[in-house]
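Participant: Give the three-dimensional model of this entry:
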Amino acid sequence: MAYDNQVTKVPGAALSTNSADELSQLLKADAGLTVELEMACQTLPEVKSYNVVGEIKGSKYPDEIITVGGHLDSWDLAQGAHDDGTGCVQSIEVLRLLKATGLRPERTVRAVLFMNEENGTRGGNKYAELAKAANEKHIAAMESDGGGFTPRGFNVEAPEATVRRLQQWQPLFHSYGSADFSAGHAGTDIGPLKGQAKASLATNATLSVTSIFTTRPPTHSIK
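Facilitator: Residues are numbered from 1 along each chain as shown. Here you go, the predicted structure:
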């Protein structure tokens, strides 16, 4: 949530689905029901934090980068397991599986654990900023921020011709039940890469493909 500086700020709150259902039932039983909600929310001063970056260099085209990622932060008081611990684990698993199988990708595969997705996207913005400054070449970026559920396919954010080309891969995913390749939003953290990468994909899990760019440092300072 963000406020226009010209308007008075008002408190905001959210209920879980279970709590919302319970409240709905109580209201149906008593139309005159009143609810008292006590909150102690506050916005604290900003502090320095970091993205975490690891990669396997490509054997043939090391300057061409495929980024996979999730975000490290979560909502206050939440465990962050689905949002987005699973995305971080899946991103790390990409590199682990490549190492375990001995497969050497032709292009560099980079896993990025983004910081500050929930209230500012500073990790994604800094990553894109450094990538552009280093003149990196990203051919694709993929984000997992849809929870640790069974993936059914990918959202693809790219020019229409690129989406159609990626949809040619769908037969390879049918046996896994993950063949839904649709045009759509690919992810908040990789969003700033738009224009640098050819395509962005997000798993439904969601997939985002941007165009051509690259980022080097193992950690990124975020201010």
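
Participant: which strands and helices sit next to the longest strand along the chain?
Facilitator: When the chain is scanned for its longest strand (criterion: DSSP state E), the result is strand 61-71. For strand 61-71, the elements it packs on are helix 86-101, strand 107-114, strand 137-143, judged by 3 or more Cβ pairs under 8 Å, 6 or more residues apart in numbering; DSSP states H and E. Any C-beta I mention is one placed from the backbone N, CA and C, and that applies to glycine too.

Participant: want to throw those into TSV with distance to Gly54?
Facilitator: Listed next are the helices and strands packed on strand 61-71 as TSV, based on distance: least, Cβ to Cβ, whole Å:
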stretch	distance to Gly54
helix 86-101	6
strand 107-114	5
strand 137-143	15
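
Participant: Could you single out the most deeply buried of those?
Facilitator: strand 137-143 (a mean of 28; mean count of other Cβ atoms under 10 Å).

Participant: Buried ones in whichever helix or strand comes after that strand, by neighbour count?
Facilitator: Going down the chain from strand 137-143, the next helix or strand is strand 153-157, by DSSP states H and E. Under the neighbour-count criterion of 16 or more other Cβ atoms under 10 Å, strand 153-157 has Gly153, Phe154, Asn155, Val156, Glu157 buried.

Participant: Show me what the last one bridges to in the sheet.
Facilitator: Partner residues in beta bridges with Glu157, using DSSP bridges, are Ser200.

Participant: Can you give me the separation between it and His185?
Facilitator: 6 Å (Cβ to Cβ, to the nearest Å).

Participant: same thing with the third one?
Facilitator: Distance check for Asn155 against His185: by Cβ to Cβ, it reads 6 Å.

Participant: Low-confidence ranges, the chain, go.
Facilitator: Residue ranges of the chain with pLDDT under 70: 1-2, 204-223.

Participant: One more pass at 50, please.
Facilitator: Applying pLDDT under 50 to the chain flags the ranges 206-223.

Participant: quick one: which of the helices and strands packed on strand 61-71 is nearest Arg164?
Facilitator: strand 137-143 (15.5 Å; Cβ to Cβ).

Participant: Could you list every helix and strand that that closest one packs against?
Facilitator: By 3+ Cβ pairs under 8 Å, 6+ apart, strand 137-143 packs against strand 61-71, strand 197-203, strand 207-211.

Participant: Quick one: these as a markdown table, columns for distance to Leu172 too.
Facilitator: Formatted as a markdown table, the helices and strands packed on strand 137-143 follow (distance: least, Cβ to Cβ, whole Å):
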| stretch | distance to Leu172 |
| --- | --- |
| strand 61-71 | 17 |
| strand 197-203 | 14 |
| strand 207-211 | 14 |
